[in-house]
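Asker: All I have is the shape, not the residue letters:
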């Protein structure tokens, strides 16, 4: 499916339209029942990638996502390798259909989705991203067995207001709290100790904002993931990191990497640092991107493009956002 957004904001000087799309891959929260099934049943390669994901993770991924319930699909252990399989399969099928002349301007992925972006750019092999995301999912699921951590999305408040809320809630609760995912200028996810997150939600409501606690197994992208991050590091160090075929814009600072070593260093920090998604999208715009391809089982990131342009996009500028979510979408896709 394809939709076009029109954004009205204050004009600023930016690079000319580069004429090529940026690929964006969603992370946790973009899973959908039956994801990837149509493509796998039409392609032996796609089906084999699901089977490889099951061998590496030790989990019945197809059973969970093609026949399971929502609770099973939300389990971080299964979700991370399964969504990686779905995303990478979508990209490989789309790339094959568009042919060798098609080259994106850049790629990026939100949190877990960054691994799919690295696979698309050839930085990591499809097998390697499965090995890493399978371990990452298990470590993140087991990082907080007592359920001390939580996350919440704060919406309808700007970043300055959320920063103030985070500081107040941390001080009053005496517990850890950070602004973890800066998704749009009016949507920030906070992460930390459960009592501090609950207090932040309360304070957001007092300011006429809204806070929604997320169904996650811990305080992701915060120092509470330090032990999990430490345990993941040896596998990241051991992996083969290739030169990207096109730049990959990274979560930790919103900036592109152009070599494998820089990508590795970025991923070594990703689990415990904030996701600067709004900065990343704006940096792509300033580099000339006006066209985004969201490769994901469900629309999530494309909805953030327009709001992220507030204050920097040219007046009444058309920004194209295409969702590639299924085999049907690929077969019907028109450049």
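Answerer: Nice, I can see it. For clarity, every value in this text was computed on a predicted model and none was experimentally measured. Numbering: from 1, shown residues only.
Asker: per-residue pLDDT, residue 88?
Answerer: Looking at residue 88, its pLDDT is 98.
Asker: which helix is the longest one in the protein?
Answerer: helix 76-98 (DSSP state H).
Asker: following it, which helix or strand shows up next?
Answerer: Moving toward the C-terminus from helix 76-98, the next helix or strand (DSSP states H and E) is strand 106-109.
Asker: Low-confidence stretches in this structure?
Answerer: Along the chain, the parts satisfying pLDDT under 70 run over 1-16, 314-316.
Asker: Tell me where the stretch 201-335 of the chain has helices.
Answerer: For the stretch 201-335 of the chain, helices defined by DSSP state H, counting those that start in this stretch occupy the ranges 226-238, 260-270, 277-286, 302-308, 327-331.
Asker: deepest of the ones you listed, which one?
Answerer: Highest mean neighbour count of the helices of the stretch 201-335 of the chain: helix 277-286, a mean of 22 (counted as mean count of other Cβ atoms under 10 Å). To be clear about C-beta, it is placed using only N, CA and C from the backbone, and glycine gets the same treatment.
Asker: now what about it, what contacts it?
Answerer: Applying Cβ atoms under 8 Å, 6 or more residues apart in numbering, the external contacts of helix 277-286 come out as 14-15, 22, 105-106, 108, 110, 181-185, 249-251, 253-256, 292, 301, 304-305, 308-309, 312-313.
Asker: Adding distance to residue 219 as columns, could you present the helices of the stretch 201-335 of the chain in JSON lines?
Answerer: Putting the helices of the stretch 201-335 of the chain into JSON lines (distance: least, Cβ to Cβ, whole Å) gives the following:
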{"stretch": "helix 226-238", "distance to residue 219": "11"}
{"stretch": "helix 260-270", "distance to residue 219": "15"}
{"stretch": "helix 277-286", "distance to residue 219": "18"}
{"stretch": "helix 302-308", "distance to residue 219": "22"}
{"stretch": "helix 327-331", "distance to residue 219": "34"}
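Asker: closest one to residue 176 among the ones you listed?
Answerer: helix 226-238 (10.9 Å; Cβ to Cβ).
Asker: Give me the helices and strands touching that closest one, please.
Answerer: Secondary-structure packing of helix 226-238 (3 or more Cβ pairs under 8 Å, 6 or more residues apart in numbering; DSSP states H and E): helix 126-142, helix 260-270.
Asker: next one: the last one to chain centre, how far?
Answerer: Relative to its parent chain, helix 260-270 has a centroid offset of 16 Å by Cα atoms, centre = their mean, to the nearest Å.
Asker: Report the inter-axis angle for it versus helix 126-142.
Answerer: With axes from the mean of the first three to the mean of the last three Cα atoms, to 10 degrees as the basis, helix 260-270 and helix 126-142 are set at 20 degrees to each other.
Asker: what helices or strands is helix 260-270 leaning on?
Answerer: helix 113-120, helix 226-238.
Asker: hmm, try it at 7 Å
Answerer: helix 226-238 (3 or more Cβ pairs under 7 Å, 6 or more residues apart in numbering; DSSP states H and E).
Asker: Contacts for the helix it packs on, please.
Answerer: With contacts defined as Cβ atoms under 7 Å, 6 or more residues apart in numbering, helix 226-238 is touched by 131, 132, 135, 136, 139, 140, 143, 264, 267, 268, 271, 272.
Asker: same thing with stretch 146-153?
Answerer: 180, 187, 189-194, 197, 200-201, 211-214, 216, 218-220, 224.
Asker: Just the buried ones out of those, please.
Answerer: With burial judged by 16 or more other Cβ atoms under 10 Å, the buried subset of the contacts of stretch 146-153 is 180, 187, 189-194, 197, 200-201, 211, 214, 216, 218-220, 224.
Asker: who touches the residue nearest the centre of the chain in this structure?
Answerer: Centroid-nearest residue in the chain, with Cα atoms, centre = their mean: residue 110, separated by 1.7 Å. For residue 110, the contact set (Cβ under 7 Å, 6+ apart) comprises 26, 27, 275, 277, 301.
Asker: Skipping adjacent residues, who's closest to it in space?
Answerer: Leaving aside its sequence neighbours, residue 110 sits nearest to residue 27 (Cβ to Cβ, 6 or more residues apart in numbering; 4.5 Å).
Asker: quick one: that neighbour from residue 166, how far?
Answerer: Separation of residue 27 from residue 166 (Cβ to Cβ, to the nearest Å): 22 Å.
Asker: Can you tell me, leaving aside adjacent residues, what's nearest to the residue of the chain most remote from its centre?
Answerer: Residue farthest from the centre of the chain, counting by Cα atoms, centre = their mean, is residue 172 at 31.2 Å. Among residues not flanking residue 172 along the chain, residue 199 sits closest, at 6.3 Å (Cβ to Cβ, 6+ apart).
Asker: residues contacting that neighbour?
Answerer: 169, 172, 173.
Asker: so which of the contacts of residue 110 comes closest to residue 64?
Answerer: Using Cβ to Cβ, residue 27 comes nearest to residue 64 of the contacts of residue 110, at 17.4 Å.
Asker: any idea which helix or strand carries residue 169?
Answerer: Assigned by DSSP H and E, residue 169 belongs to helix 159-173.
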